[in-house]
Structures are given as C-alpha cells and as structure tokens.
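Asks: what follows is a protein structure lacking sequence information:
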C-alpha cells in the first residue's frame, strides 16, 4: 500500500480492540527503543516497502529500517525523518507505569500502550496499532488520551 485513508469510525469498542492478555510485554527505558523481529517470514508492508523488523519507541511510535528513535521531541521534522507510525508521538514514560506490548498474529502485528504515563505527569494514555500483513492496512485505536499541554504528533511517515 502506498496510499492511506483516515476512517474515524463511530463504533469504537470500549477498551482496546485486541486483547493484550497473551501479548509480549517489553521492558523499555524512558526515551528508549525495543527491536521486534517478525517471525514466520512475515513482513510489514509500509508505503511500498517491506520490513521484517520494527522498533517500538517509548514515546508512542514505531519506526522501520535503520534504527529506533528514542528522542522525546515531538515535532513534524522528527516525525518525517524516517519511516514511522506515530500512534501518539509525545514524551511518554513507560518505566513510570502501565505496559507496552506487542503480539504477532497470522494476519497482523499489534503494538499496545496501556496506561503509560506522560513524562513528569500523573496522566496516562492507552492506545493500540494494528499492522496488517496482507494489504498493509494500519489501524490506530485510542482508549484514552489526556490533554497535558505536551506537543503530540499522530500520523504516518514514508
């Protein structure tokens, strides 16, 4: 897929669309990254390129190719600096609570941030991305986002 569309569905289920009961929780430092290797020959199709690995970055985004991007800065320049899906690119602090996890299914990869706090803040966010192998679809779902006056970026970057 080289083109993506926005679908703001009204029928959003309560909680995350995909259960994280059997997901792999990752230990990720504040402003850190975690490398995920896809298994079984699966590849993520993103803007016409295929990726066998991805980096989950502690600040609410996933990057492809090259290396992860642990920086806390949330700017359009940083967002567009490499292939990325910014679920909620902002200054998050996974060691402060909540959980970051991933789970590979036959048809998709799912990355979840559950009750992960914002850095230096008591508020947290819950969100999930689904990356479909067959057609390159990307589904972003949000359970809770709190206004903390921190800059955020949400979107896709080739």
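Replies: All right, it came through fine. All values derive from a computational prediction rather than experimental measurement. Residues are numbered from 1 along each chain as shown.

Asks: so what's the most centrally placed residue in the chain bridging to?
Replies: In the chain, the centroid-proximal residue (C-alpha atoms, centre = their mean) is residue 61; its distance is 4.2 Å. Going by DSSP bridges, residue 61 is paired in beta bridges with residue 57, residue 86.

Asks: and residue 157, by the same measure?
Replies: Counting by DSSP bridges, the residues bridging with residue 157 are residue 84.

Asks: my guess is it meets residue 79, correct?
Replies: Yes - contact criterion C-beta atoms under 8 Å: residue 157 and residue 79 qualify, at 5.5 Å. Glycine gets a C-beta too; all of them are placed from N, C-alpha and C.

Asks: could you measure from residue 101 over to residue 79?
Replies: Distance, residue 101 to residue 79, by C-beta to C-beta, to the nearest Å: 23 Å.

Asks: picking that back up, any common contacting residues for residue 157 and residue 79?
Replies: residue 86 (C-beta atoms under 8 Å, 6 or more residues apart in numbering).

Asks: circling back to that earlier point, residues in contact with the residue nearest to the centre of the chain?
Replies: 69, 79, 84-89, 153.

Asks: repeat that for residue 72.
Replies: Shown in contact with residue 72 (C-beta under 8 Å, 6+ apart): 31, 59, 91, 119.

Asks: which stretches of the protein have low pLDDT?
Replies: 1-3, 5-14 (pLDDT under 70).

Asks: no further queries at this time; thank you.
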